[in-house]
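Colleague: Okay, sequence plus prediction incoming.
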Number of protein chains: 2
Amino acid sequence: MNKKTVGVLDLRVFFPYRLAVLEQRVGYATSRHYQHDFDLNRTDWRVVATLAMFDSISATDICEFTHMTKMQISRAIARLKEKNLVVQAVSEIDHRATQLSLSGEGRKIYLRIVPRVLAEEQAILNHLSAVERGQLFKILGKLEHGLA
Amino acid sequence: MNKKTVGVLDLRVFFPYRLAVLEQRVGYATSRHYQHDFDLNRTDWRVVATLAMFDSISATDICEFTHMTKMQISRAIARLKEKNLVVQAVSEIDHRATQLSLSGEGRKIYLRIVPRVLAEEQAILNHLSAVERGQLFKILGKLEHGLA
DNA sequence: TATTGTTATACTCTATAACTATA
DNA sequence: TATAGTTATAGAGTATAACAATA
């Protein structure tokens, strides 16, 4: 390839581009563990992981927690109910709202996925020193806060 | 929301999740400048930015440079030719291959987009100190290298 | 036989908004 | 009137592979 650069912007050092390429690779490496092995897509996995954190939670709360839309969440819940991984009940307090939680089977699958994705995360972060990992998390926090 | 956490994985500190959410926000902020204003999607923009860097380049080279598939690139080139932003000629050396380059109009649009996306990048990175930006680029490089 | 690039097809994902039932 | 959640629809993006032309 002719490497003579005549442009004023080099994608290879453009932060949004580098972030996108990195995210794609990290996402691919991680998603295998729930997508291929347990047939959950990314939204499904996030809903399961969120439900595992709370005793009982509404769909709106999941939207807020996972940064996804109510439509995405509604579809994910429908898929997860179909597979008996999630239980949905009408809220006693507000009959419009629902109380969602993992089923026994849902929690079982969750507990099988967690060590795999955590191991994948560690494998990725192992390319950094302990100091660099600390720097990364601090930087991520600042960027998240700045872009919120 | 009931904040009682009973799970063993907290999405909020899970690196692949944080990376995905950050990338989505950065990508959204950046893409406005070519998507809304110039009707280019992300693939189109990457092809334009790549063509601006090289005098003449083949589709295969663009695939390699942008980490995208030949199908994505082929479609992007078709769209860009339709808009007269890109010129495509058959290679003298290998009649299967093509020599691609930006048209005058293509370069004009490119030069209008560049300052906008660079300003957006700076606005994002301004949430960090100069030292942190240096740390970030070093860390990005290590992760890219590790996941390549 | 292998490679360059295009096209076909089906599938997933996303965005927008209409809709219901409750409040 | 406003909110919780569902459903409809169309559009965008992706993956797989078949294909024609050339090497």
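Modeller: That came through fine.
Colleague: Just give me the neighbour total for A:Ile62.
Modeller: A count of neighbours around A:Ile62, defined by other C-beta atoms under 10 Å in any protein chain shown, yields 23. Using the backbone N, CA and C atoms, a C-beta is placed for each residue, glycine as well.
Colleague: again with A:Gln35
Modeller: Look at A:Gln35: counted by other C-beta under 10 Å, it has 15 neighbours.
Colleague: residues contacting the closest residue to A:Val26 other than its chain neighbours?
Modeller: In space, and not counting its chain neighbours, A:Val26 is closest to B:Pro16: 5.0 Å by C-beta to C-beta, 6 or more residues apart in numbering or on different chains. B:Pro16 makes contact with A:26-27, A:29-30, A:117, A:120-121, A:124, according to C-beta atoms under 8 Å, 6 or more residues apart in numbering or on different chains.
Colleague: Next: A:Arg46.
Modeller: A:66, A:68, A:76, B:11, B:17.
Colleague: I'd like to know the average pLDDT value across the one helix or strand the residue nearest to A:Val26 maps to.
Modeller: For B:Pro16, the element it lies in under DSSP states H and E is helix B:15-38. Across helix B:15-38, pLDDT averages out at 96.
Colleague: coming back round to it: buried members of the contacts of A:Arg46 into ChimeraX, please.
Modeller: Buried members of the contacts of A:Arg46, defined by 16 or more other C-beta atoms under 10 Å in any protein chain shown, are picked up in ChimeraX with:
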select /A:66,68,76 /B:11,17
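Colleague: quick one: which of the contacts of A:Arg46 is nearest to DNA strand C?
Modeller: A:Met68 (7.6 Å; C-beta to the nearest atom of the strand).
Colleague: Can you tell me how far A:Glu132 is from B:Leu140?
Modeller: A:Glu132 sits at a distance of 11 Å from B:Leu140 (criterion: C-beta to C-beta, to the nearest Å).
Colleague: for A:Val131, same thing?
Modeller: Relative to B:Leu140, and taking C-beta to C-beta, A:Val131 is found at 16 Å.
Colleague: before we move on, what about A:Arg12?
Modeller: Per C-beta to C-beta, A:Arg12 is found 11 Å from B:Leu140.
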